[in-house]
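Q: got a structure for you, letters missing:
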């Protein structure tokens, strides 16, 4: 069982490396830091995006496109709150479960994208979200906590420090470092 888990982990890591090598980078133009009148800070929480999950039922619909639309709506709400309250600093806190992953069959069957594509979309969406914030705030900070959907292996085999959420945060910060 452990060998099977290790082999699956190695397979996922090889796929990530292969696909990221061929991944075209999103280019974000450098813009001046906005000068704002105010001294307040705000916390922006990103949680349970479950990028990749897809369903349509009596309770509603969800897929990656809907997740993107909701992030845009959330961004507009944040900007309005910040304008009214004269916010100059924003702390974005990723609170886990940015991707749906495919750890269990019940989750895997509801996924529209595979784990690699979920990871790419999550990075794209969150990077774009944070980039838009840099246009409206003097300072934008990012922190990340891992959720249970970002594990690379089954719960009993997974190392707590090996979560895909950490990779998402690293790539967002790397891309927007300038």
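A: Arrived safely. Because the structure is predicted, anything quoted here is derived from the model rather than measured.

Q: alpha carbons only for contacts and neighbour counts from here, please
A: Fine.

Q: ok, how many other residues are close to the nearest residue to residue 30 once chain neighbours are set aside?
A: Sequence neighbours aside, residue 178 is the residue nearest to residue 30 in space, at 7.2 Å (criterion: CA to CA, 6 or more residues apart in numbering). Neighbourhood size, residue 178 [other CA atoms under 10 Å]: 9.

Q: residue boundaries of the helices in this structure?
A: 2-21, 64-85, 105-108, 115-134, 164-175 (DSSP state H).

Q: Make sure the residue nearest to residue 30 is actually in contact with residue 29.
A: No. The criterion here is CA atoms under 8 Å, and residue 178 misses it with residue 29 at 9.5 Å.

Q: who touches both of those two?
A: Listed contacts common to residue 178 and residue 29 are nil; contacts here mean CA atoms under 8 Å, 6 or more residues apart in numbering.

Q: pLDDT at residue 2, what is it?
A: The model reports residue 2 with a pLDDT of 57.

Q: shift numbering so it begins at 14
A: In the new count, where the first residue is 14, that last one comes out as residue 15.

Q: Just give the closest residue to residue 156, not the sequence neighbours.
A: Nearest residue to residue 156 in three dimensions, chain neighbours excluded: residue 106, at 4.9 Å (CA to CA, 6+ apart).

Q: Equivalent analysis for residue 98, please.
A: Sequence neighbours aside, residue 53 is the residue nearest to residue 98 in space, at 7.4 Å (criterion: CA to CA, 6+ apart).

Q: Many thanks, have a good one.
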